[in-house]
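Colleague: here is my input; please provide its structure:
(4 chains)
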4 protein chains.
Amino acid sequence: MPYEFKVVRRVEFSETDMAGIMHFSNYFRFMETAEHGFFRSLGHSIVTRNIETPVGWPRVHAQCDFKQPLHFEDEVEVHLIVVEKRSKALTYLFRLKKLNANPPVEVARGKITVVCVTHIDGKMSACSIPKELADKIDVAPTELVG
Amino acid sequence: MPYEFKVVRRVEFSETDMAGIMHFSNYFRFMETAEHGFFRSLGHSIVTRNIETPVGWPRVHAQCDFKQPLHFEDEVEVHLIVVEKRSKALTYLFRLKKLNANPPVEVARGKITVVCVTHIDGKMSACSIPKELADKIDVAPTELVG
Amino acid sequence: MPYEFKVVRRVEFSETDMAGIMHFSNYFRFMETAEHGFFRSLGHSIVTRNIETPVGWPRVHAQCDFKQPLHFEDEVEVHLIVVEKRSKALTYLFRLKKLNANPPVEVARGKITVVCVTHIDGKMSACSIPKELADKIDVAPTELVG
Amino acid sequence: MPYEFKVVRRVEFSETDMAGIMHFSNYFRFMETAEHGFFRSLGHSIVTRNIETPVGWPRVHAQCDFKQPLHFEDEVEVHLIVVEKRSKALTYLFRLKKLNANPPVEVARGKITVVCVTHIDGKMSACSIPKELADKIDVAPTELVG
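Modeller: Numbering: from 1, shown residues only, chains lettered A, B, ... in the order given. Presented below is the predicted three-dimensional model:
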C-alpha cells in the first residue's frame, strides 16, 4: 500500500526573496504540493470530490529544518513519507533534495500533521479518515525515514 | 458620497524577490488591500455578510504601470479612486506612492475592473450591484485622477 | 528564431483564495514562469549568468483580462508570444488556456512589457538587450496573436 | 532590555485559500513580520544598513501548532518572545491571538530559530551576532511563554 510520493519542482523567481534564496515559507508550499500529488496518485484529490462525505484536511502542526538555501531555478525533489497514521490524522515527513547539486543533497526536512474534518452546519469537527482513503494509505517502513 | 480610499502598507521581506525589490505581482495585492479597506469604510465587507443576496467581485481586468521599484520596509500609500461605476461593474484607479521618499513619489499606477456576481446552483453570473452598496459609491471627480 | 514558448502548470491549493478560485495576482506569476522558461529554452536564464554584462528585466507594464476562473488542480497552458521587440524592451502576450476543459478554453489573456537594465553603482538604468540574447529572440507572426 | 514585540495584522483576502481560511504557510509570514518589527523597535533593520559588518538571518528551524483557523479580515496579534539567545543564533516563540474574538483567543503558537551569518566571497557562514544588536536583545522571563 502507498506510503510515499515524490514530486519535482523548480524554484520560481517569485518564490525567492531579497536575500537571493527561496523564502522559507515556500518550503511549506512545496511540501503541500507533494501531499496533493500523493492524494492524486491514490485516485483522489485532497479536495474530496468522489467521496460520499466531503472532508477537509486542516494542518495542526508544521515544521521544517533548513539545512541549505535554495536558489532560483534549483530543481527540488520533495519526498513525502507517511510516518504516522491514526484514525483521524496523518503525519508526513518531507525530505527536500536539491537535484541540481552533484551529488544531490538534502536541503531541508519537514513534518506536517493533518487532521481529517467534516463541516457540519458551518462548524468543523474531526472525523475518521474515510475508509476508501484510509485503506489506500500505509505507514512507511522505518528505513525510509533515514 | 465616497469615491476614494487610502491605505498605507509597509513592504514585507516576503514580498521582495531576488532582484531586491517588491515582486510585481504584489502590487496587485496592495491594490486589493485598498479595495477591501474601501468596502470596510462603507460599513461593508468585500465578502458580503450583512447584505440580503451574497455577491462576489471577481476581477475581469487588472493592469499596472511600474515607474520605480519598491524596496523592503518602504511605506506605500495605496490610493483607490473609483473611476467608473456601471450597474454591474466598478473600475478603480490606484496610485501607489512611496511615502519614505523626499518628496513622496508615485511609483506605480494601476487599474482594476471588478464585476458583481451571484452564485446560483454553483454557477457564477453577473448581477446588479446591491442597492445598499451602489448607493454608497460614487465616481470620483476627474481632478483626482491626475 | 524563437518567438514563443509554452509551459503547463497545475493550479496549487495555496494559489486559490476563499472564493474557491485562483487569486488573480497569481496569473501574473504564471506568466512570469513562462517567460523564464522561454529564456531557458534559449540557453540562458532571466538571471544572466553566462553573459558578459549582467542585466535585469524589471517589468514596466503588466495587464490581464480574466475570462473564466481557474480552480484547484486545473491544468493551465501558458503560451508566451513575443509581440514587440525594441532595442531595450520586450513585450510578451500571454494566452492562458485551461487544458482540462473539453474543448480546452482560453481563460485569460495578459501582456507584460519588460525593460533591460544594468546596475551601475547601485543605480538601475535601461540598456540595450545584450546581442547574444537579442539575436535569439524574434517577434511572432501576427496570426499567433489570435 | 527588549525581549518581546507585538504587531497586529489583518488577514488579507489573498492570504486565504479555497478552504476559506488563512493558508498555513502565511502564519510563518506573520511571524516574520513581527520579527522585522522587533528589529525596527531596536533601531535597526533585519537588513543591516547601519552596522559595520552586514549580516543576514537565515532561518534554520520553523514550526507552528495551529489551534484554530483564521479567516479573512480577522485581526491577529503576533506576539514575539525571545526564548533563546546564543552567540550566533536567536530563537523566538510566537503567540498568535485572534483579537476579534470575545474574549481574544490564541489561535496558533510558533517557533523560529535564526542564525546570524556573513557572506564572504559569496559563501555564507555563521558569525557572532554584532555587539550593537546583541546588547539590545534579552531573553524573556519564563512567565511570558505561558
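Colleague: what ranges do the strands span in chain A?
Modeller: Ranges of strands in chain A, per DSSP state E, are A:4-10, A:59-66, A:75-85, A:89-98, A:105-115, A:117-120, A:123-126.
Colleague: ok, which of these comes nearest residue B:126?
Modeller: Across the strands of chain A, residue B:126 has its closest neighbour in strand A:117-120 (28.6 Å, CB to CB). To be clear about C-beta, it is placed using only N, CA and C from the backbone, and glycine gets the same treatment.
Colleague: show me what the closest one is packed against.
Modeller: Helices and strands touching strand A:117-120, by 3 or more CB pairs under 8 Å, 6 or more residues apart in numbering or on different chains; DSSP states H and E, are strand A:123-126.
Colleague: ok, the strand it packs on near chain C or not?
Modeller: No. Using CB under 8 Å from any CB of the partner chain, strand A:123-126 stays clear of chain C, coming no nearer than 14.6 Å.
Colleague: just to revisit the earlier point, now tabulate the strands of chain A in CSV and tack on mean pLDDT, mean neighbour count and distance to residue C:103.
Modeller: Below are the strands of chain A laid out as CSV (pLDDT from 0 to 100; neighbours: other CB atoms under 10 Å in any protein chain shown; distance: least, CB to CB, whole Å):
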stretch, mean pLDDT, mean neighbour count, distance to residue C:103
strand A:4-10, 98, 17, 28
strand A:59-66, 98, 20, 37
strand A:75-85, 98, 19, 33
strand A:89-98, 98, 21, 37
strand A:105-115, 98, 20, 36
strand A:117-120, 87, 14, 35
strand A:123-126, 87, 12, 38
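Colleague: contacts for stretch A:16-26, please.
Modeller: By CB atoms under 8 Å, 6 or more residues apart in numbering or on different chains, the surrounding residues in contact with stretch A:16-26 are A:11, A:15, A:64, A:66, A:69-72, A:74, B:13-14, B:16-21, B:71-72, D:25-26, D:28-29, D:32, D:47, D:56, D:58-59, D:62.
Colleague: about what we covered before: want to throw the strands of chain A into TSV with distance to residue C:85?
Modeller: Converted to TSV, the strands of chain A look like this (distance: least, CB to CB, whole Å):
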stretch	distance to residue C:85
strand A:4-10	26
strand A:59-66	41
strand A:75-85	30
strand A:89-98	35
strand A:105-115	38
strand A:117-120	52
strand A:123-126	53
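Colleague: does stretch A:125-137 reach chain D?
Modeller: No. Contact between stretch A:125-137 and chain D is absent, the nearest approach being 12.6 Å (criterion: CB under 8 Å from any CB).
Colleague: for chain D, give me its nearest residue in chain A.
Modeller: For chain A, the residue closest to chain D is residue A:63, as judged by CB to the nearest CB, at 3.6 Å.
Colleague: wait, what's in contact with the nearest residue to residue A:67 once chain neighbours are set aside?
Modeller: Ranked by CB to CB, 6 or more residues apart in numbering or on different chains and with sequence neighbours excluded, the top spatial neighbour of residue A:67 is residue A:107, at 5.5 Å. Residues near residue A:107 by CB under 8 Å, 6+ apart: A:66-70, A:76, A:96-98.
Colleague: quick check: ChimeraX command selecting the buried ones in the contacts of stretch A:16-26.
Modeller: Only the buried entries of these go into this ChimeraX selection, using 16 or more other CB atoms under 10 Å in any protein chain shown:
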select /A:11,15,64,66,69,70,72,74 /B:13,14,16,17,18,19,20,21,72 /D:25,26,28,29,32,47,56,58,59,62
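Colleague: who's sitting farthest from the centroid in chain A?
Modeller: Distance to the chain centre peaks in chain A at residue A:121, reaching 28.7 Å (criterion: CA atoms, centre = their mean).
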